[in-house]
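In: How does the following fold in three dimensions:
(one chain, ligands or ions: 1)
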Amino acid sequence: MGNVNIIIDGKKVRVREGSTILEAAEAGGITIPTFCNIKGLLPTGVCRVCVVEVQGSKTLVGSCHTPATEGMLVFTRTPRVVATRKVIVELMLTGHSGDCVNDPNAENCKLHNLASDYEVGAPRFNVKTPRFYPAEESNPYVRRDLSKCILCRKCVKACQDLARKNVLSIGYRGFRSKVVSGFDEALTTEACRDCLICIEHCPTGALAKPVQIRV
Ligand code: SF4
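Out: Down below sits the predicted model:
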């Protein structure tokens, strides 16, 4: 397999053929935000926050699943890209309830960090069916607060493809979609013990270590 040369934000980057734009940007030291991508695993392209402009393309493309091709011209921070990311973040904030500023389980909420970087304030959208779930504390290893979940599916992918445990999946449809264990059962210690890989990958604090086992 050969290499391809592309230009991202004016910078020449050479990557292996088959690399995505996101991987090429990383290789070139250019940061593109993403919530759903896990390095080394196949992309899911669900969060859309990694969109970029490619010369010749009428629409923005997801950088995590679009292959870099020879001579491609990519722009990662044009006004159109920034405006689109802001709306995506705002939509995510609409379904992400809870006070991350005061909640010790959400001290590293990447959604709020990105909202701050892009100067996205309180969301303007109203949801007819607000997604509220009480926090679950029954598992001694994982605390679930799905009101903070943005359905990026990273935990599901990490559980299935990295830990190879298949404990988590997405259940229901539309506004009722949520991360479930089994047939939407409590996260028992029989199903889920202490690999903690879902917590490591969750960008929002929806999955976190219970306070007593934090180190
Ligand atoms: S629990 Fe976390 S990692 Fe899983 S889908 Fe929700 S936000 Fe993403």
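
In: what separates residue 62 from the ligand, distance-wise?
Out: 17 Å (C-beta to the nearest ligand atom, to the nearest Å). Placement of C-beta: from N, CA and C, glycine included.

In: so what's that residue closest to, chain neighbours aside?
Out: Closest residue to residue 62 apart from its sequence neighbours, by C-beta to C-beta, 6 or more residues apart in numbering: residue 45 at 4.7 Å.

In: That neighbour is in what secondary structure piece?
Out: If you go by DSSP states H and E, residue 45 is not part of any helix or strand.

In: Can you give me the distance of residue 173 to the ligand?
Out: Distance from residue 173 to the ligand, by C-beta to the nearest ligand atom: 15 Å.

In: list the contacts for the residue most central in space within the chain?
Out: Ranked by distance to the mean C-alpha position of the chain (C-alpha atoms, centre = their mean), the top residue is residue 35 at 1.8 Å. Neighbour list for residue 35: 47, 49, 92, 110, 111, 150, 152, 154, 203 [criterion: C-beta atoms under 8 Å, 6 or more residues apart in numbering].

In: Quick check: the farthest pair among the residues you listed?
Out: 92 and 154 (13.2 Å; C-beta to C-beta).

In: Quick check: pLDDT value at the nearest residue to residue 7 once chain neighbours are set aside.
Out: Leaving aside its chain neighbours, residue 7 sits nearest to residue 73 (5.3 Å; criterion: C-beta to C-beta, 6+ apart). At residue 73 the predicted local distance difference test score is 98.

In: Now residue 73: phi and psi?
Out: Note on residue 73: its backbone torsions stand at phi -110, psi 120 [degrees, to the nearest 10].

In: Would you check that it makes contact with residue 6?
Out: Yes. The pair residue 73 / residue 6 is scored as a contact, 7.5 Å apart, by C-beta atoms under 8 Å.

In: These two: who's more crowded?
Out: Taking neighbours as other C-beta atoms under 10 Å, residue 73 and residue 6 compare with residue 6 leading, 22 against 13.

In: The nearest residue to residue 2 once chain neighbours are set aside: neighbouring residues, count only.
Out: Setting aside the residues directly before and after it, residue 2 is nearest to residue 17 in space (C-beta to C-beta, 6+ apart), at 5.1 Å. Residues contacting residue 17 under the criterion other C-beta under 10 Å number 12.

In: separation between the residue nearest to residue 78 when sequence neighbours are not counted and the ligand?
Out: Among residues not flanking residue 78 along the chain, residue 53 sits closest, at 5.2 Å (C-beta to C-beta, 6+ apart). Separation of residue 53 from the ligand (C-beta to the nearest ligand atom): 26 Å.

In: Residue 53 pairs with what?
Out: Beta-bridge partners recorded for residue 53 (DSSP bridges): residue 75.

In: That one: neighbour count?
Out: 19.

In: how about the strands in this protein?
Out: Applying DSSP state E to the chain gives strands spanning 3-8, 11-16, 51-54, 61-62, 73-75, 143-144, 168-171, 178-181, 207-208.
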